[in-house]
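**Q** need coordinates for the following:
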Amino acid sequence: MSSITSSAPRHDAARTATILFTLLVLAMAFCAGLHTVSDFDMGWQLATGRWVVQHHQIPRTDVLSFTSAGQPWAYPPYAGVLLYLVYCAFGYAGLSWVTALTCLGVVAYLVRRLELASAVLAMLAVQSIAARSAPRADLFSTILFAIFLGELWSYQRGGKPRLWLLPALMLLWVNLHPGFIAGLAVIGAYCLLETAELPFAARRTAAIARLRKAAPRLGATVAVTLLNPWGTGIYRVAGVLSGVTGGAAGRLNSSSYIGEYQGVPISTYLLGQLVDVRHLEHGFTWLLVVAVLFIVASMWRKQFGAAILLGVALYAGVGHARYMALFAILVATLGPSLVRELWSEWNAPEEKHRRLLPEGAAVAVVAVLCLLALLHIADYASSRTYVVFGSDWRFGAGESTWLPEGAAAFIERERLPGNIFEEYALGGFESFRLGPHYPDFLDGRSDRLRPDLVVEQRSLYSAAPDSPQWQKTADSWNFNVLMVAVSGFRSLQKMNPAAFCGSEGWRAVYMDDAGMVFLRNTPQNKPWIDRLAINCAMQPILPPPHAGHTRLYDFYLSSGALYFDLNRTAEAVAALQQAQQLFPADPNVHLLLAGVEQRRGQMPQAEQEYLAALALNESSGARSALAGLYAGEGRLPEAAAALEKAATMSPQPMDMYMQLAEIELAQRLPARALTSYERAEKASPFRNGGESLVPGLYAQMAEGRAEAYRQLGQANEAIKYQLQSVQLTPGNARRWNQLAEMYDAAGLSALGGEARQRAAQAEAGTH
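**A** The predicted model follows:
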């Protein structure tokens, strides 16, 4: 469909309106791509690029962390080199411009035919493309996938062949990002498209001719993948990164632990995204619907290859967030041709110039689309999209305010001794900002290098700072410094700064609205502590000088959250009110104010704040927090309903299902609790070989199931699961005593006595 018609005159009003709309879509793509840099994988890739530039060789072992130094590591390094050179020349602002130009370039390629269908589908795809255009190696896969798919689809549909591009681009791709296998997948998809034509006599000859003509170029494209520093080993790297291979015993399940591997929850919540044109995922949700329609149309037309390709892309896009952009690109690439062919088939030859709509109506439709594009542009340029939907990005060029630049500069300036413990999201930032003098503890590669330490790190977040666990870990890794993020989306999993401020083992030495630094309280560190120690209860947090509207909003929101964490309630409220004045549509302010009201014991006011946050943006986090309030008030049915809804919306619902099961047990709904535990187990990031990393988690599930079966009157099943619980955590005396009670209730007093003996041994620490 060229413009609004099947074959409209080139200079009519509808054509002009389509061109204007296409230009607005390009402007939207540029605005969506021009944002502050905050991706936590960016840091370790920049650090790798710096290492290559400085050492003139490719690292084959880990050179960035002190916990896995020397372990084998393979990853194409040249994307990091290119991004590092951009950083050297233009700083973080240059990296922001790279993301903007990448997003613009991909969308420009999609709309190059100046068709209305292309522009509409590209507009729906913009946010997904922008999300995968961050300054990291992945952005090269985004743009090269679009070119590979576009050229092969155009060729298969009878367009001018430019297959000579593919080998040259693949040579770059295989040395830039392991996502090059997506290019091989596109080649396989093209072969599928042609193979699906062979059963039809009218289309067979042309398909065979195209395959014969393309074969040398495609063969060369596959062959050049071997021209990389690891030869055939690059396929193993690509398979692990994509989730196709891997998952060895004792490892984390990346598909549920790492955000970009998680799926898109399918629930009634998606229906709201279809009608909310300002929702972050509005375009992607519509593309899901469009893809289903295209699959049905392709099946009806016996275009089985296209239907299969769309179906696989739909499955991948819903199953893993990292493939959302590839799915969006595929729909935006195949869609215009499918629309054009459908329109041609529905019109008799003598009506081939008939319009889909009268010209006036066509112009009106395009005008509405133009207004929608302008609305999106305004939301990106004002940062509304990012603020309302909880993103760390902000419109413009430069470094994200969530990155603790001040804390890093302080550590560097004061030359604090020893190794640094940082949170998972800060590992990449530290490796680039403070490396190589301060190697990082863990960064974004850790699920492949040290999955055991990922689990240990997560457990340290909730452990008391003066606990034996912290003492042992700090001793074993020579931790002297803690760097804690206190701002942005990434900080939602942060350690509790108030606990460290009040500990004996650590002393706060730096604090601002983005980060805190703690120094271990040892005699060796006394000179630094005497000179640098601060009082968390009194230390002021000052706004940055000459800050603009958005930067001030970020400052007041982040400092308000930190004041809340530090129990400085009055200052927290004052800062949050300032943030609310600067950005009234922010749901995060209401969430924090709800926490303030809960702390004050003002539950009705807290509930109203939660509901206000949900009215601005329905999110699983806010719904789960509201469930916690209901549970604390004993409103268990309302708490269960809120948790159920939160879990169906969340890509990481395990904890929510665990909480839901506990509430259902408290309500004496054991059958429902068993279902919730089953859902929690399916959502666990430690399944399929990683269960041994977290025995306590699975012991908790087993104990909950035992209680559910006890309530159901199934004593044997209850004992079976309680046995699992104590076998996983043999040092837990309480669980042994519960097992003893179950044995006694079943008339197995001898076994009950043995269980009590084990409980006594556990209490004495002799298990």
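
**Q** which stretches in the stretch 1-150 of the chain count as helices?
**A** Here the stretch 1-150 of the chain has its helices, by DSSP state H, counting those that start in this stretch, at 13-33, 40-55, 78-110, 116-131, 138-156.

**Q** check the stretch 401-550 of the chain too.
**A** Per DSSP H, counting those that start in this stretch, the stretch 401-550 of the chain carries helices over the ranges 405-414, 427-433, 446-449, 451-462, 468-477, 497-501, 526-532, 549-565.

**Q** quick one: closest of those helices to Pro161.
**A** Across the helices of the stretch 401-550 of the chain, Pro161 has its closest neighbour in helix 446-449 (39.2 Å, Cβ to Cβ). From N, CA and C alone the C-beta is placed, and that goes for glycine too.

**Q** right, so of the helices of the stretch 401-550 of the chain, which gets closest to Val312?
**A** helix 446-449 (25.3 Å).

**Q** quick one: mean pLDDT over that closest one.
**A** The pLDDT scores in helix 446-449 average 80.

**Q** tell me which of the helices of the stretch 1-150 of the chain lies nearest to Asp440.
**A** Of all the helices of the stretch 1-150 of the chain, helix 40-55 sits nearest to Asp440, with 7.7 Å by Cβ to Cβ.

**Q** tell me which other helices or strands the closest one touches.
**A** On a contact count with 3 or more Cβ pairs under 8 Å, 6 or more residues apart in numbering; DSSP states H and E, helix 40-55 meets helix 78-110, helix 427-433.

**Q** send the alpha carbons of the last one over as PDB?
**A** Going back to what we said before, that points to helix 427-433. In PDB, the C-alpha atoms belonging to helix 427-433 read as follows (Å, rounded to 0.1, in the frame of the first residue of the first chain):
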ATOM      1  CA  GLY A 427      30.000  -3.500  38.500                       C
ATOM      2  CA  GLY A 428      30.300  -2.300  34.900                       C
ATOM      3  CA  PHE A 429      30.400   1.300  36.000                       C
ATOM      4  CA  GLU A 430      33.200   0.600  38.400                       C
ATOM      5  CA  SER A 431      35.200  -1.400  36.000                       C
ATOM      6  CA  PHE A 432      35.300   1.500  33.600                       C
ATOM      7  CA  ARG A 433      35.200   4.500  35.900                       C
END
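
**Q** what mean pLDDT does that helix have?
**A** Averaged over helix 427-433, pLDDT sits at 95.

**Q** looking at it, Val264 is touching Ala316, isn't it?
**A** No. Counting by Cβ atoms under 8 Å, Val264 sits too far from Ala316 to count as a contact (10.6 Å).

**Q** any stretches of the stretch 101-250 of the chain with poor pLDDT?
**A** The stretch 101-250 of the chain contains residues with pLDDT under 70 at 242-250.

**Q** quick one: low-confidence ranges for the chain?
**A** 1-11, 242-263, 347-357, 488-494, 766-767.

**Q** what do you get if the cut-off is 50, keeping everything else the same?
**A** 1-10, 247-249, 256, 490-492 (pLDDT under 50).

**Q** how does it divide into domains?
**A** Segmentation of the chain into domains, based on automatic domain parsing, reads 13-241+269-388, 405-532, 684-767.

**Q** need the ones you listed in a markdown table (columns: distance to Glu399 and mean neighbour count).
**A** Output for those, formatted as a markdown table (distance: least, Cβ to Cβ, whole Å; neighbours: other Cβ atoms under 10 Å):
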| stretch | distance to Glu399 | mean neighbour count |
| --- | --- | --- |
| domain 13-241+269-388 | 4 | 19 |
| domain 405-532 | 6 | 20 |
| domain 684-767 | 30 | 18 |
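
**Q** redo those domains as CSV? Include distance to Gln581.
**A** Converted to CSV, the domains of the chain look like this (distance: least, Cβ to Cβ, whole Å):
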stretch, distance to Gln581
domain 13-241+269-388, 14
domain 405-532, 17
domain 684-767, 39
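
**Q** can you say which of those is nearest to Leu593?
**A** Checking those against Leu593 by Cβ to Cβ gives domain 13-241+269-388 as the closest, at 15.7 Å.

**Q** how far does stretch 503-512 stretch from start to finish?
**A** 19 Å (Cα to Cα, to the nearest Å).

**Q** and that stretch, how far out from the chain middle?
**A** Averaging C-alpha positions (Cα atoms, centre = their mean, to the nearest Å) puts stretch 503-512 31 Å from its chain's average.

**Q** re the thing from before, among the helices of the stretch 1-150 of the chain, which comes closest to Ser619?
**A** helix 116-131 (16.7 Å).

**Q** now do the strands in this protein.
**A** Under the criterion DSSP state E, strands of the chain are mapped to 419-422, 479-485, 506-511, 515-520.

**Q** now the helices for the stretch 251-400 of the chain?
**A** 254-257, 269-275, 282-300, 304-319, 324-346, 359-381, 384-388.

**Q** make CSV out of these and add distance to Gly179.
**A** Listed next are the helices of the stretch 251-400 of the chain as CSV, based on distance: least, Cβ to Cβ, whole Å:
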stretch, distance to Gly179
helix 254-257, 15
helix 269-275, 27
helix 282-300, 19
helix 304-319, 13
helix 324-346, 9
helix 359-381, 26
helix 384-388, 25
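
**Q** re the thing from before, any idea which of the strands of the chain gets closest to Leu371?
**A** Proximity to Leu371 (Cβ to Cβ) singles out strand 479-485 among the strands of the chain, at 39.0 Å.

**Q** give me the contacts around the closest one.
**A** For strand 479-485, contacts defined as Cβ atoms under 8 Å, 6 or more residues apart in numbering pick out 402, 404, 407-408, 411, 416-423, 425-426, 430, 473, 491, 494-495, 497, 500, 506, 514-520, 522, 525.

**Q** give the pairing partners of that strand; include direction for each.
**A** Applying DSSP bridges, strand 479-485 is found paired with strand 419-422 (parallel), strand 515-520 (antiparallel).

**Q** tell me how far that strand lies from the chain's centre.
**A** The answer for strand 479-485 is 24 Å, by Cα atoms, centre = their mean.

**Q** dump the C-alpha coordinates for that strand into CSV.
**A** Only the C-alpha atoms of strand 479-485 are listed here, as CSV (Å, rounded to 0.1, in the frame of the first residue of the first chain):
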residue,chain,number,x,y,z
PHE,A,479,36.9,-5.6,51.1
ASN,A,480,37.7,-2.2,52.5
VAL,A,481,35.3,0.0,50.6
LEU,A,482,31.5,-0.2,49.8
MET,A,483,30.0,1.8,47.0
VAL,A,484,26.2,1.9,47.1
ALA,A,485,23.8,3.3,44.5
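
**Q** next, the angle from that strand to helix 451-462.
**A** Counting by axes from the mean of the first three to the mean of the last three Cα atoms, to 10 degrees, strand 479-485 lies at 70 degrees to helix 451-462.

**Q** contacts only, for Ala117.
**A** Neighbouring residues of Ala117 by Cβ under 8 Å, 6+ apart: 1, 335-336, 339-340.
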